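**Student:** sequence plus the predicted model coming up.
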Amino acid sequence: MIYTLTLNPSLDYIVELDKFHVGELNRTRAESKFPGGKGINVSQVLKRLDVDSHALGFTGGFTGNYIEEFLHQQQIHTDFVSVQEDSRINVKLRAAEETEVNSSGPTITNTDFEQLKNKIAKLTSDDLLVLAGSIPTTLPASTYEELVSICIQNGTKFVVDAEGDLLRKVVPLKPFLIKPNHHELGDLFNTKLTSCEEVIPYGEELIGMGAQNVIVSLAGKGAVLVNQHMAYIASVPKGELKSSVGAGDSMVAGFIAVYEKTKNIEEAFRFSVAAGSATAFSMGLCTKEKVEELLPQVTIERKIIKGRN
Ligand SMILES: Nc1ncnc2c1ncn2[C@@H]1O[C@H](COP(=O)(O)OP(=O)(O)O)[C@@H](O)[C@H]1O
Ligand SMILES: O=P(O)(O)OC[C@H]1O[C@](O)(COP(=O)(O)O)[C@@H](O)[C@@H]1O
């Protein structure tokens, strides 16, 4: 079974404005709200791709209830630890540019955390856990390492989609997949990356450090997958960008959905890119039909790396 872990779920409140005036009263043109948080988005996209998963993490208050009810309506299994304070609200402003304000999240007590660890300890070597997104500020920076070490003890395969120190610290623990975007990858290595070709050596470095597969997304400029055997560069489909919120999460879901069925890395990567773009071209997350429509537009170039193959 596939499990997703969202330590900091959110209600994503997306407002559209013709123009955003800082320091003035703004009125919206349209608005929508969705449950969010990276693991939750992965579960939602998996469901749209006909793959079942269980969503784990912490939820609380009226926002937590909203998130859980929304997931249940989509027939997604949930097993959240209930916390005292409200789950956070993340604001996404869509004007000429996209501006995001992600909140820090509710207080998580030691008892809450212990309850979550007990749930993760029940996963087995037949399971896959996707750990995705930021952690509430009350949890220690070592949270992902602690949870991953439980997975390692039980032989549970794990995927990590996080940034900064959270990501850096789990790479040596050999995640099956990590998916930084090019900004997050650049931040890890204290550099600025702008093209697929530039990204490959840094992807290789992460493989050397322990990751098994690294997908780096570069929004509209393409995507790269690096593993011990090969590097691949994918083109992205052309279309009108509606909202890129959840595009990265859709890539993770698309990859897992195809890889778990076929064990074919290249096909999983191609589908993953189509899923990312299908979400970027939609308000909200992609549908299976949209992903399949875009799939023929994704071309994959294999890069033979000197010293390997
Ligand atoms: N402007 C765009 N045109 C086409 N595809 C896009 C665009 N922006 C995002 N995508 C798709 O979404 C994926 C993830 O986008 P990106 O913004 O890099 O990730 P994240 O959401 O993690 O920051 C890309 O690999 C691509 O498939
Ligand atoms: O946990 P973080 O890093 O604050 O991110 C949470 C946000 O990420 C999202 O899951 C979207 O992620 P991506 O755009 O990176 O795919 C939103 O739904 C949510 O508001």
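**Tutor:** Now that the structure is in, tell me what you want to look at. Ligands and ions are numbered 1, 2, ... in the order given.

**Student:** next one, pLDDT for the residue nearest to G239 when sequence neighbours are not counted please.
**Tutor:** Distance criterion Cβ to Cβ, 6 or more residues apart in numbering; nearest residue to G239, sequence neighbours excluded, is F281 at 4.2 Å. All C-beta atoms are positioned from the backbone trio N, CA, C, and that covers glycine. Listed pLDDT for F281 reads 97.

**Student:** quick check: bridge partners of the residue of the stretch 1-150 of the chain found nearest ligand 2?
**Tutor:** Residue of the stretch 1-150 of the chain nearest ligand 2, by Cβ to the nearest ligand atom: G36 (2.7 Å). Legend: beta-bridge partners of G36 under DSSP bridges are S10.

**Student:** all helices of the stretch 101-250 of the chain, in order?
**Tutor:** 110-120, 143-154, 164-170, 182-188, 196-209, 247-262 (DSSP state H, counting those that start in this stretch).

**Student:** flag every residue of the stretch 151-300 of the chain that's near ligand 2.
**Tutor:** Within the stretch 151-300 of the chain, the positions adjacent to ligand 2 are 244-249 by Cβ under 6 Å from any ligand atom.

**Student:** contacts with ligand 1 among these, please.
**Tutor:** Applying Cβ under 6 Å from any ligand atom to these, those adjacent to ligand 1 are 244, 247-248.

**Student:** just the buried residues of the residues of the stretch 151-300 of the chain next to ligand 2.
**Tutor:** 244-249 (16 or more other Cβ atoms under 10 Å).

**Student:** need the helices of the stretch 101-250 of the chain in CSV (columns: mean pLDDT).
**Tutor:** Below are those laid out as CSV (pLDDT from 0 to 100):
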stretch, mean pLDDT
helix 110-120, 98
helix 143-154, 97
helix 164-170, 94
helix 182-188, 97
helix 196-209, 97
helix 247-262, 98
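
**Student:** for I89, which of the ones you listed is the nearest?
**Tutor:** I89 lies closest to helix 247-262 among the helices of the stretch 101-250 of the chain, at 18.0 Å (Cβ to Cβ).
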